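Q: would you be able to build a 3D model of this:
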Amino acid sequence: MSRSKGDIAESKACEFLISQSFKIIEQNFYAKKLGEIDIIATKDKIYHFIEVKSANEYETAVNNVTPSKLSKLKRSIDYYLQIKKLDVSFCIDVIIVVNEEVEFLENITL
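A: Model prediction:
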């Protein structure tokens with residue numbers, strides 16, 4: 001997927017989250033040698049670390065959420081919490097964007 005398509009998907013994801021009363025804390029947090037966290041948001045005192053996936057078909061986007069990707073994301077989250085000195089409740093979420101449709105998969109597990 002091109003960077004511009006990814007940016008559009010992340011923008012749609014942020015719009016969706018804001019419409020659901022989330023507060024966007026940060027976007028595209030890059031943990032050197034670990035990976036990137038697409039969106040960091042909070043709601044009800046819980047941090048949500050969100051991976052955004054986009055494709056022409058839902059199945060393609062979902063299948064891009066691999067165990068390897070989730071493992072890198074978890075390490076990036078640990079790094080983020082450490083450098084920000086946060087001791088908070090959190091979960092890992094995925095937002096799937098296909099055309100104009102946005103699906104929120106909350107609290108996925110590794």
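
Q: can you report how many residues lie near V97?
A: The burial count assigned to V97 is 23, neighbours taken as other C-beta atoms under 10 Å. Bear in mind the C-beta positions are built from the backbone N, C-alpha and C, glycine included.

Q: relative to its centre, which residue of this structure is most distant?
A: Residue distances from the centre of the chain (C-alpha atoms, centre = their mean) peak at K85, which lies 20.2 Å from the mean C-alpha position.

Q: phi and psi next, for it.
A: Dihedral angles phi and psi of K85 (degrees, to the nearest 10) take the values phi 50, psi 50.

Q: list the buried residues in stretch 58-66.
A: A61, V65 (16 or more other C-beta atoms under 10 Å).

Q: now that stretch: how far from the chain's centre is it?
A: Between the mean C-alpha point of stretch 58-66 and the mean C-alpha point of its chain there is a distance of 14 Å (C-alpha atoms, centre = their mean, to the nearest Å).

Q: ok, now stretch 96-104?
A: When distances are taken as C-alpha atoms, centre = their mean, stretch 96-104 is centred 13 Å away from the chain's centroid.

Q: quick one: terminal-to-terminal distance for that stretch?
A: Its start and end residues considered, stretch 96-104 measures 7 Å (C-alpha to C-alpha, to the nearest Å).

Q: run through the chain and note the low-pLDDT ranges.
A: When the per-residue scores of the chain are filtered using pLDDT under 70, the ranges that remain are 1-3, 110.

Q: that one: strands as residue ranges?
A: For the chain, strands defined by DSSP state E occupy the ranges 23-31, 35-43, 46-54, 89-98, 101-108.

Q: alpha carbons only: can I get the first one in CSV?
A: Output in CSV follows, covering the C-alpha atoms of strand 23-31 (Å, rounded to 0.1, in the frame of the first residue of the first chain):
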residue,chain,number,x,y,z
LYS,A,23,-8.9,11.4,22.5
ILE,A,24,-6.0,11.0,20.0
ILE,A,25,-2.7,11.3,21.9
GLU,A,26,-0.2,10.6,19.2
GLN,A,27,0.1,9.3,15.6
ASN,A,28,2.9,7.4,13.9
PHE,A,29,5.0,6.9,17.0
TYR,A,30,8.3,5.4,15.8
ALA,A,31,10.3,3.2,18.1
